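Novice: give the three-dimensional model of this entry:
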Amino acid sequence: MRLHSVWLTSKASRRVPTEYFVLANLKEQGAIIGRLAGHPIADTVVDANGSRYRYVGVATRDADGRFDVEALRAGEWIVQPGLVYAADGKAAPSKPLLRGRGRNPS
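Specialist: Numbers count the residues shown, from 1 in each chain. A predicted model of the protein is given here:
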């Protein structure tokens, strides 16, 4: 099966549902390192397939208050209520590398 990479433009990001970039049904693992909007921030979460994700920051929002999915780097996903977790190991990347969240690419 051949996978195609799609680079999102700001115009395309409005058409792509944010839900495509959100992880759900996760189990917290490891230490609780903080709280956001009354929810704990776990340093690591695990999905139903056993893929692990590590906390990397808080999701930015666009001018309309929606999550700015263009700010995600390859392998980064949004976890409610607005946290960003990066794939750790075998987890599939969310999309190709785009501009970072105001950081220099690593």
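
Novice: run a quick neighbour tally on residue 56.
Specialist: By other CB atoms under 10 Å, 16 other residues sit near residue 56. The C-beta positions use only the backbone N, C-alpha and C, and glycine is treated the same way.

Novice: isn't it right next to residue 75, touching?
Specialist: No - with contact defined as CB atoms under 8 Å, residue 56 does not count as touching residue 75 (9.6 Å).

Novice: give me the common contacts of the two.
Specialist: Shared contacts of residue 56 and residue 75, defined by CB atoms under 8 Å, 6 or more residues apart in numbering, are found at residue 86.

Novice: so residue 19, which of the three states?
Specialist: helix (DSSP: H, G, I helix; E, B strand; the rest coil).

Novice: how about it, what does it touch?
Specialist: No residues are in contact with residue 19 under the rule CB under 8 Å, 6+ apart.

Novice: for it, give its distance to residue 86.
Specialist: Using CB to CB, to the nearest Å, residue 19 is found at 19 Å from residue 86.

Novice: in the sheet, who's paired with residue 40?
Specialist: Residue 40 forms beta bridges with residue 35, as assigned by DSSP bridges.

Novice: next, count neighbours for it.
Specialist: Neighbour count of residue 40, defined by other CB under 10 Å: 11.

Novice: surely it and residue 28 touch.
Specialist: Yes - because the distance of 6.7 Å satisfies CB under 8 Å, residue 40 is recorded as touching residue 28.

Novice: leaving out sequence neighbours, find the closest residue to residue 34.
Specialist: Nearest-residue entry for residue 34: residue 41, 4.3 Å, with adjacent residues in sequence omitted and distances by CB to CB, 6 or more residues apart in numbering.

Novice: would you map the helices across the chain?
Specialist: Assigned by DSSP state H, the helices in the chain fall at 10-15.

Novice: any weak-confidence spans in it?
Specialist: Low-confidence regions of the chain, defined by pLDDT under 70, span residues 1-15, 89-106.
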